[in-house]
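In: Predicted model and sequence follow; I will ask about them next.
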Amino acid sequence: RRRSLSVEHSTNASVAAEGKGYATMRKRTSYPVVESREVQYATLEQWARGKIQAQLQQLLEEEVTTFLGRTKHERRRKVAPVDPPAGNRNGYGKSRAFSMLNGTVMVKRPRVRDLTERFESKGLPLFKRRTQEVGTLLPELYLHGLSTGDFELALRGLVGEGAPLSASSIQRLKARFELDYEAWKTQDLSNLEVVYWWADGLYVKAGIADRKSALLTIVGVLTTGEKVVLACESGERESKESWLTLLRDLKSRGLKFPRLTVADGHLGIWAAFGEIHPTGAEQRCWNHKITNVLNDLPKTVQRQAAERLKAMPYAETKGECERLRDVFVRLYHKTDKKAVETLLRDWDRLVTFYAFPREHWRHLRTTNIVESSFSSVRLRTDASRRYKRVEGATAIIWKILQVAEQSWRKLNAPELLPLVATGLTCTDGI
């Protein structure tokens, strides 16, 4: 009986001790509980931003404490090291707005005096008013269609009051684009091996002149199948001189010209390419050709004629394509002679793609590689209506193309591109 009581007493003491230890552990690992009545759905964003603001301020305080080696209000002589760090706290700077993707918070930077060099926070460097994510978001939104005046309305509710979304901020972004563009135009191109390239011009209104400036653009495909923007220059109405200036610049930077050029029917393009790159093959864009032919036909016959014209570039062989051409000529040469002449003009350039691998035909028939990229450019230019300077318009459109370039997929059958680059010639794509 006495032994059982002793065992029972020791067991109870052990449980009590374990309970006490468990309670101590719970006390040490417990977290402050937020009363549910303190946070409501309507104020959830405000509460979350307040917590972030408090934690960011605490981070700045702890950073100064680590730098000085002592806490706030602690004297230097009480610090253990023999040679304690120099410097003393000197209050706080003015409250500054700092923008993040989930809102804008106000923070005060702790100041430190008696230093040989200025103390700078690594968590929140001087002159930084937004996170890198917000800094990336603004130019992306600008490039994807928001005009300068729309930022205040579109983003104020998202990033909160005090966020740096002024028109001057966007102007600084545009100035940075211009600097990046000027540096890009001087890059060495000797390490690029281009197999095909597509050339076209985009017309944008810029400056006080009534006429539009042509933005001469070239997109090339490398032996790896990757597509890259090679040129983006303003020119005078796609003239021969403008294209020659652009091509000479590319050549002076070490670029080796490709096997095939795909472009529309503008005479200035072909005259310039024929002079500076006479050995290169030339392919005329079928989309532009079909549009030109249809413009010379009455509207009553355009639908039927369009079906016949669109079937030509998709013929399996060059001979079949020419047979479809001859059928079209027989049908319309008496009633619509001008349309027939438009079709036959530059015919050899229309069927050049048959001498290249069949797997690449879908890319070589048209200049869609450039045209599709210009869809995002037109979104941006429609939002800005009219640029004040040609230089600014060129830099912005170049930046849009750079953004679009990141999402371009590779050319079909990229394994064939090195063979084409070394001189592979096909008959009907084989």
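Out: Happy to help now that I have it.
In: So what does residue 110 look like in phi/psi?
Out: In this entry, residue 110 is assigned phi and psi values of phi -70, psi 140 (degrees, to the nearest 10).
In: Please enumerate the helices of the stretch 251-400 of the chain.
Out: With DSSP state H, counting those that start in this stretch, the ranges of helices along the stretch 251-400 of the chain come out as 267-276, 286-295, 299-311, 318-332, 337-344, 347-350, 361-364, 368-384, 390-405.
In: Which positions in the first one come out as buried?
Out: By neighbour count, with 16 or more other Cβ atoms under 10 Å as the criterion, the buried positions of helix 267-276 are 268, 269, 270, 272, 273, 276. Any C-beta I mention is one placed from the backbone N, CA and C, and that applies to glycine too.
In: what's the closest of the residues you listed to residue 322?
Out: Distance to residue 322, by Cβ to Cβ, is smallest for residue 270 among those, at 21.5 Å.
In: give the contact list for the closest residue to the closest one other than its chain neighbours.
Out: Once its chain neighbours are removed from consideration, residue 270 has its nearest residue in residue 282; the separation is 6.6 Å (Cβ to Cβ, 6 or more residues apart in numbering). Taking Cβ atoms under 8 Å, 6 or more residues apart in numbering as the definition of contact, the neighbours of residue 282 are 260, 261, 263, 270, 273, 349, 352.
In: Can you report how many residues neighbour the third one?
Out: Other residues lying near residue 263 total 26 when counted by other Cβ atoms under 10 Å.
In: and what of the last one?
Out: By the measure other Cβ under 10 Å, the count of residues near residue 352 is 17.
In: now the residue nearest to it when sequence neighbours are not counted: how far from residue 361?
Out: With Cβ to Cβ, 6+ apart as the measure, residue 283 is the residue that lies nearest to residue 352, at 4.4 Å, once sequence neighbours are left out. Residue 283 sits 10 Å away from residue 361 when distances are taken as Cβ to Cβ, to the nearest Å.
In: More neighbours: these two, which one.
Out: Set residue 283 next to residue 361 and count neighbours by other Cβ under 10 Å: residue 283 wins out with 23 against 15.
In: Was I right to think residue 184 contacts residue 401?
Out: No. Using Cβ atoms under 8 Å, residue 184 and residue 401 do not qualify as a contacting pair, with a distance of 10.6 Å.
In: Have a look at these two and say which one is more surrounded.
Out: With other Cβ under 10 Å as the criterion, residue 184 and residue 401 differ in neighbour count, and residue 401 comes out ahead with 23 against 14.
In: Would you mind confirming that that one is in contact with residue 230?
Out: No. In this structure, residue 401 sits apart from residue 230 without contact. The criterion is Cβ under 8 Å, and the distance is 10.5 Å.
In: before we move on, back to that, and residue 89, which of the helices of the stretch 251-400 of the chain is closest to it?
Out: Between residue 89 and the helices of the stretch 251-400 of the chain, the shortest gap by Cβ to Cβ is with helix 390-405, which sits at 44.1 Å.
In: Mind listing what's buried along the closest one?
Out: Taking 16+ other Cβ under 10 Å as the criterion, helix 390-405 shows 390, 392-402, 404 as buried.
In: avg pLDDT for it?
Out: With pLDDT averaged residue by residue, helix 390-405 scores 75.
In: Can you show me the CA trace of that helix as CSV?
Out: The C-alpha atoms that make up helix 390-405 are tabulated as CSV, following Å, rounded to 0.1, in the frame of the first residue of the first chain:
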residue,chain,number,x,y,z
VAL,A,390,10.7,61.0,-83.8
GLU,A,391,13.6,59.9,-81.5
GLY,A,392,11.2,59.3,-78.6
ALA,A,393,8.8,57.3,-80.9
THR,A,394,11.7,55.2,-82.2
ALA,A,395,13.0,54.3,-78.8
ILE,A,396,9.6,53.4,-77.4
ILE,A,397,8.7,51.2,-80.4
TRP,A,398,12.1,49.5,-80.2
LYS,A,399,11.5,48.8,-76.5
ILE,A,400,8.1,47.3,-77.4
LEU,A,401,9.8,45.0,-79.9
GLN,A,402,12.4,44.0,-77.3
VAL,A,403,9.6,43.0,-75.0
ALA,A,404,7.8,41.1,-77.8
GLU,A,405,11.0,39.3,-78.7
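In: Would you tell me what the next helix or strand after that helix is?
Out: Sequence order places helix 417-421 as the next helix or strand after helix 390-405, per DSSP states H and E.
In: thinking again about what came up before, farthest-separated two in the buried residues of helix 390-405?
Out: Comparing the members of those, the greatest separation, given Cβ to Cβ, is between 390 and 404, at 20.9 Å.
In: and the helix or strand hosting residue 176, what does it pack onto?
Out: Using DSSP H and E, residue 176 maps to helix 167-184. For helix 167-184, the helices and strands in contact under the criterion 3 or more Cβ pairs under 8 Å, 6 or more residues apart in numbering; DSSP states H and E are helix 132-143, helix 390-405.
In: quick one: secondary structure of residue 72?
Out: Secondary structure state of residue 72, per DSSP: H, G, I helix; E, B strand; the rest coil, is coil.
In: re earlier: redo the buried residues of helix 390-405 as TSV? Include distance to residue 240.
Out: Shown next, in TSV, are the buried residues of helix 390-405 (distance: Cβ to Cβ, whole Å):
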residue	distance to residue 240
390	20
392	26
393	23
394	20
395	25
396	27
397	22
398	23
399	28
400	27
401	24
402	28
404	28
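In: And those residues, which is closest to residue 120?
Out: Nearest to residue 120 among those, counting by Cβ to Cβ, is residue 399 at 30.7 Å.
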